[in-house]
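Engineer: No letters, just coordinates:
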């Protein structure tokens, strides 16, 4: 077992090395004409350090060092450090996600316990579920009249469906035997919900939560690119305007790592409530 | 005061007693003046009988000129009205990161807002639709606009109707048609059939100038080429990717396309209409009424910046001040080339056009009338347009004159002027005739 994971780790490293090697070879500096004395060439930025073009590994390293060494700088309302931007994004996701949980879990419970309600609401859920959350944006901006809250609304609307459906499904498929046992013991409905159904459905609910957080994190980047102001999505947009690929790639990696951590967090929670039948 | 419930009465201005807002402003000004004059004469002649005897002896005209020699009425008037502390100090102002916004951006790092007792937060915004929405939502107190936008919003075109005003024009000229490098040999617009062009917004000078330009060369902009709306910051990336063949866009993105070797400057917008307005500094009408002192302070700050930006000597400094990530987030040399007019055109030439961009703040009514004719020409507005009324309501010429005078800036005495667009004269007194003279236009 230990050997296996060691082997896998080594293989991962090899893949990484190959990837970086290709990157390095592909971005080797081309032999540039050193005619920077010419006025035209000077205006075109020849000879000077240009931010465009695909960055070399050295430039990437430099970008990592500058961003990570000073993640919380604040030079005015449109130029903040990567840490502050991440904070804004995580705050939006957390708020939208929390509201989604508060609404989707109780509602999912109701739907799951009542087959009638389940069938009545199913068509609506099926229509609303596949709508791209960003399609809600213009409507949200127009009606809510606040771009910040609109962003949070978009997170809410994208994370509510997986949670709702999974909760309903989890609640509906609790084993009959356990419900019957509860019935014979004459357990009160509220106690039944918390002592029998919730623990039984928890793994399914958390699967929904895990899907939701993944989608929410995907969507926040796009939403912030659209609305601007603050957040990691705004950071990507702002650097894209300057065609600064180095910073864009850096941001992409950060988004990936944070997304992985969020997923990991919920996965741990899921493990804690999983049971063996 | 007129009876507002009388169906015959026209409520032309904010108090309802005048035919138009311009008349209202004038009479309010006259009232201020007469109050000040009364105060001065009272001070000179504490006994009213003496004043009356003096006036009938020398004549009112002589007395006025004699006294105004001693008392600078105009200055007194300005002092009486202004420099009151602003009602609202903390303001949010939206902007798009382009050189058109130079005056309103540089006013922040150079401290012109602070000088007027304002605490301004500049908010970089992702596109013009969002600028519109955030103004309508009152998330921003004032904003960088494309000059046709306040007209459109005030008329309820492409948005909910809300009275929006143009306090100053931000910049004149300073735009360009940029084409993809692969079109280096297609300099004649007749070869542009099927091209895809980007403009920043439907209600933009860019859209109207591009349409005008291709139409003059016999192309119908609605059928022969494709015009799509793209936020300025995304134009270069789209050009580079080959999504568009060119754009009529704001700087620094024309120069940026050259700098990145993905485009070349086909022509500057000044070659289409020298002195055309581009962006504007706009405020909601509600702010002028609810916070007149804030409005005045803001006006002075932006005009101070415009005055500085007009001087070619200051342009390199301005480029340095607005280049950082907090504002334009562009290489300094790109912005400097735009502002100084000494630039590489992408075809191997160094050009020197000092008036490539300029920052004349005066909001000519004739500009607004021209914009309205083009809106009608391309079907953005249908039916009869009361050109003069809308222009005079939205473009605040009287205020501009007043605040420019306070800063010793020269403002023209007229509000309308004739000008030429691609050699063809525009007479603001006859907009319908002008409109009728175009062969290429959207058939209704």
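Structural biologist: Good, I have the coordinates. What you see is a predicted model, and the numbers here were worked out from it, not measured in a lab.
Engineer: Close to chain B: what parts of the stretch 151-277 of chain A are there?
Structural biologist: Within the stretch 151-277 of chain A, the positions near chain B by C-beta under 8 Å from any C-beta of the partner chain are A:225, A:226, A:227, A:228, A:229, A:237, A:238, A:239, A:240, A:241, A:242, A:243. (C-beta placed from N, C-alpha, C; glycine too.)
Engineer: Tell me which of these fall in helices.
Structural biologist: Among these, the residues falling in helices (DSSP state H) are A:225, A:226, A:227, A:237, A:238, A:239, A:240, A:241.
Engineer: now the helices for chain A?
Structural biologist: A:2-26, A:39-43, A:57-69, A:82-113, A:115-128, A:137-144, A:147-172, A:176-184, A:189-192, A:198-227, A:232-241, A:245-273.
Engineer: and residue B:412, what is it in contact with?
Structural biologist: Residues near residue B:412 by C-beta atoms under 8 Å, 6 or more residues apart in numbering or on different chains: B:362, B:364.
Engineer: How is it assigned, secondary-structure-wise?
Structural biologist: What DSSP: H, G, I helix; E, B strand; the rest coil gives for residue B:412 is coil.
Engineer: residue contacts, residue B:192?
Structural biologist: Applying C-beta under 8 Å, 6+ apart to residue B:192 gives the contacts B:186, B:214, B:219, B:224, B:225, B:245.
Engineer: mind checking pLDDT for residue A:164?
Structural biologist: At residue A:164, the model reports a pLDDT of 91.
Engineer: Tell me how many other residues crowd it.
Structural biologist: For residue A:164, the neighbour count with other C-beta atoms under 10 Å in any protein chain shown is 24.
Engineer: which helices and strands sit right next to the helix or strand of chain A with the lowest mean pLDDT?
Structural biologist: Ranked by mean pLDDT, DSSP states H and E, the helix or strand of chain A with the weakest confidence is helix A:39-43, at a mean of 75. Judged by 3 or more C-beta pairs under 8 Å, 6 or more residues apart in numbering or on different chains; DSSP states H and E, helix A:39-43 is in contact with strand B:342-344, strand B:350-352.
Engineer: Would you mind measuring from residue B:287 to residue B:88?
Structural biologist: 8 Å (C-beta to C-beta, to the nearest Å).
Engineer: Name the residues contacting each of these two.
Structural biologist: With C-beta under 8 Å, 6+ apart, residue B:287 and residue B:88 have common neighbours B:141, B:294.
Engineer: Mind checking which of the two has more residues around it?
Structural biologist: Set residue B:287 next to residue B:88 and count neighbours by other C-beta under 10 Å: residue B:287 wins out with 20 against 16.
Engineer: so what's the backbone phi/psi at residue B:161?
Structural biologist: Dihedral angles phi and psi of residue B:161 (degrees, to the nearest 10) take the values phi -70, psi 130.
Engineer: quick revisit: most packed of the helices and strands packed on helix A:39-43?
Structural biologist: Neighbour counts (mean count of other C-beta atoms under 10 Å in any protein chain shown) averaged over each of the helices and strands packed on helix A:39-43 peak at strand B:342-344, with a mean of 23.
Engineer: so what's residue B:233 closest to, chain neighbours aside?
Structural biologist: Leaving out its chain neighbours, the residue that sits closest to residue B:233 by C-beta to C-beta, 6 or more residues apart in numbering or on different chains is residue A:241, at 3.7 Å.
Engineer: okay, now the one you found: neighbour count?
Structural biologist: The number of residues packed near residue A:241 is 24, by other C-beta under 10 Å.
Engineer: Same check on residue A:89?
Structural biologist: Using other C-beta under 10 Å, residue A:89 is surrounded by 25 other residues.
Engineer: State the helix or strand in which the residue of chain B most remote from its centre lies.
Structural biologist: For chain B, the residue at maximal distance from the C-alpha centroid (C-alpha atoms, centre = their mean) is residue B:49, at 51.1 Å. Taking DSSP states H and E as the definition, residue B:49 sits inside helix B:48-58.
Engineer: Of the helices of chain A, which shows the lowest average pLDDT?
Structural biologist: Sorting these by mean pLDDT places helix A:39-43 lowest, at a mean of 75.
Engineer: how about that helix: buried residues?
Structural biologist: A:40, A:41, A:42, A:43 (16 or more other C-beta atoms under 10 Å in any protein chain shown).
Engineer: just how off-centre is stretch B:408-420 within its chain?
Structural biologist: 14 Å (C-alpha atoms, centre = their mean, to the nearest Å).
Engineer: Which of the three states applies to residue B:248?
Structural biologist: Secondary structure, three-state DSSP: residue B:248 is strand.
Engineer: Please tabulate the ones in helices among the residues of the stretch 151-277 of chain A next to chain B in a markdown table, including the columns distance to residue A:102.
Structural biologist: Output for those, formatted as a markdown table (distance: C-beta to C-beta, whole Å):
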| residue | distance to residue A:102 |
| --- | --- |
| A:225 | 27 |
| A:226 | 25 |
| A:227 | 24 |
| A:237 | 30 |
| A:238 | 33 |
| A:239 | 35 |
| A:240 | 35 |
| A:241 | 37 |
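Engineer: Okay then, goodbye and thanks.
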